[in-house]
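J.: structural data only, the sequence is not supplied:
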């Protein structure tokens, strides 16, 4: 298509890596296996930084259609606490 540009990149990578700072050191050894408690804000998945509205597009099959959901998902996880 000559003269036509696209705002969608050729490759969209929606996998996210999330890192958290714990409020304490998690001690893992032969006698101890800590349990990390995380929370997930389901409403934040749809009403986060990007508003997701399925009325216009209810099929998210292409990676480019999932960019906003992937970004919101990354922000919806949070660290709560650790049981030692």
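T.: Okay, I see it. Quick caveat: nothing in here was measured; it's all calculated off a predicted structure.
J.: residue 68 and residue 52, how far apart?
T.: 6 Å (C-beta to C-beta, to the nearest Å). For the C-beta atoms, the positions are set from N, CA and C on the backbone; glycine is no exception.
J.: count the neighbours of the closest residue to residue 51 other than its chain neighbours for me.
T.: Counting by C-beta to C-beta, 6 or more residues apart in numbering, residue 68 is the residue found nearest to residue 51 once chain neighbours are left out, at 8.0 Å. Close neighbours of residue 68, defined as other C-beta atoms under 10 Å, add up to 17.
J.: just give me the neighbour total for residue 72.
T.: Per other C-beta under 10 Å, the neighbour tally for residue 72 reads 20.
J.: try the one 4 residues further on
T.: Other residues near residue 76 come to 18 when the count uses other C-beta under 10 Å.
J.: got it, and the one 3 residues further on?
T.: Counted with other C-beta under 10 Å, the burial measure for residue 79 works out to 15 neighbours.
J.: which helix or strand contains it?
T.: When elements are defined using DSSP states H and E, residue 79 is found to belong to strand 77-83.
J.: phi and psi next, for the spatially most central residue of the chain.
T.: Centroid check for the chain by C-alpha atoms, centre = their mean gives residue 74 as the closest residue, at 2.3 Å. Reported as degrees, to the nearest 10, the phi and psi values for residue 74 are phi -60, psi -40.
J.: report the contact partners of the closest residue to it other than its chain neighbours.
T.: Excluding the flanking residues, the one nearest residue 74 by C-beta to C-beta, 6+ apart is residue 16, at 4.3 Å. Shown in contact with residue 16 (C-beta atoms under 8 Å, 6 or more residues apart in numbering): 70, 73-74.
J.: residue ranges in this structure under the pLDDT threshold?
T.: The chain contains residues with pLDDT under 70 at 1-9, 57.
J.: surely the residue nearest to residue 51 and residue 53 touch.
T.: No: the criterion here is C-beta atoms under 8 Å, and residue 68 misses it with residue 53 at 9.7 Å.
J.: helix/strand/coil for residue 60?
T.: Taken by DSSP: H, G, I helix; E, B strand; the rest coil, the conformation at residue 60 corresponds to coil.
J.: neighbours around the closest residue to it other than its chain neighbours, how many?
T.: Leaving aside its sequence neighbours, residue 60 sits nearest to residue 66 (C-beta to C-beta, 6+ apart; 5.0 Å). By the measure other C-beta under 10 Å, the count of residues near residue 66 is 15.
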